[in-house]
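*Asks:* Any chance you can model this:
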Amino acid sequence: MIDYLKGEIAELTPASITIDCNGIGFFANISLNTFSILNGEKSAKIFIHEVIREDAHVLFGFADKHERDIFLLLISVSGVGPSTARVILSSLSAKELGSVIATENVAVLQSVKGIGAKTAQRIIVDLKDKIKMTDSQGSMQLPTKADVSGTGHEAIAALVMLGFPQVASQKVVSAILKESSSLPVEAIIKEALKRL
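*Replies:* Sure, this is the predicted structure:
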């Protein structure tokens, strides 16, 4: 079992990371929150959860142990798989998710792609006693990183990697960029996840 990987960042997208550990490149799926933390860094230490299936070994990477712990709690809920948990953690930070669960805000969970009313309620019921709020701040905050060229294309690529159709992703990202062209890629993807 891999606990963490430490090395140079060979490639980083809003949905994945390739980390070079002594000449071996490990590919891991990441959440948008992890991307926000690692964006611009040359090296990283990412905490790993390994999913072993018949046809593949899939790695999920996290910038800190707390996000991995939340991920593990999410996938312990019936009906929530690793991909869905990653989308939840791309839409909400660990702190925001804690606030949503503590306040039993089903509507916010339902706004996440792939989460229906029953699954949202199950997440809240199963995790209410397991996730403790560290503070009362649960407000949404958009990242303030400066805009970079090609953010729209990067956002679309990330959405496609998360399983959304190319055409729908392009349409939503175009609409978001028309409203605010200076958003960083993380903010574009977060907004797109709400609308798709």
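
*Asks:* For I46, give me phi and psi.
*Replies:* Main-chain dihedrals, I46, degrees, to the nearest 10: phi -120, psi 140.

*Asks:* Below-threshold pLDDT in the protein: ranges please.
*Replies:* Filtered on pLDDT under 70, the chain yields the residue ranges 132-149.

*Asks:* how about the helices of it, start to end?
*Replies:* 32-38, 65-75, 82-91, 94-102, 106-110, 117-127, 151-161, 166-179, 185-195 (DSSP state H).

*Asks:* so what does the third one touch, helix or strand wise?
*Replies:* The one in question is helix 82-91. Contact partners of helix 82-91 among helices and strands, from 3 or more C-beta pairs under 8 Å, 6 or more residues apart in numbering; DSSP states H and E: strand 24-30, helix 32-38, strand 57-62, helix 65-75, helix 185-195. C-beta here means a position set from N, CA and C on the backbone, and glycine is covered the same way.

*Asks:* swap in the longest one?
*Replies:* Counting contacts by 3+ C-beta pairs under 8 Å, 6+ apart, helix 166-179 is packed against helix 151-161, helix 185-195.

*Asks:* buried set for the first one?
*Replies:* Going back to what we said before, that points to helix 151-161. Within helix 151-161, the residues that count as buried by 16 or more other C-beta atoms under 10 Å are 151-152, 154-159.

*Asks:* Dump the residues you listed to CSV, plus distance to S78.
*Replies:* Listed next are the buried residues of helix 151-161 as CSV, based on distance: C-beta to C-beta, whole Å:
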residue, distance to S78
T151, 37
G152, 37
E154, 34
A155, 32
I156, 32
A157, 32
A158, 28
L159, 27
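
*Asks:* picking up where we left off before, now render the helices and strands packed on helix 166-179 as JSON lines, adding distance to E41.
*Replies:* Listed next are the helices and strands packed on helix 166-179 as JSON lines, based on distance: least, C-beta to C-beta, whole Å:
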{"stretch": "helix 151-161", "distance to E41": "17"}
{"stretch": "helix 185-195", "distance to E41": "14"}
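
*Asks:* follow-up on the earlier one: any idea which of the buried residues of helix 151-161 is closest to V87?
*Replies:* Among the buried residues of helix 151-161, L159 lies closest to V87 (C-beta to C-beta), at 10.3 Å.

*Asks:* So the closest one is in contact with I176, correct?
*Replies:* No. With contact defined as C-beta atoms under 8 Å, L159 and I176 do not form a contacting pair (11.0 Å).

*Asks:* what sits in contact with each of these two?
*Replies:* A192 (C-beta atoms under 8 Å, 6 or more residues apart in numbering).

*Asks:* would you turn the helices of the chain into JSON lines with distance to T18?
*Replies:* Output for those, formatted as JSON lines (distance: least, C-beta to C-beta, whole Å):
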{"stretch": "helix 32-38", "distance to T18": "12"}
{"stretch": "helix 65-75", "distance to T18": "19"}
{"stretch": "helix 82-91", "distance to T18": "17"}
{"stretch": "helix 94-102", "distance to T18": "24"}
{"stretch": "helix 106-110", "distance to T18": "31"}
{"stretch": "helix 117-127", "distance to T18": "31"}
{"stretch": "helix 151-161", "distance to T18": "13"}
{"stretch": "helix 166-179", "distance to T18": "22"}
{"stretch": "helix 185-195", "distance to T18": "18"}
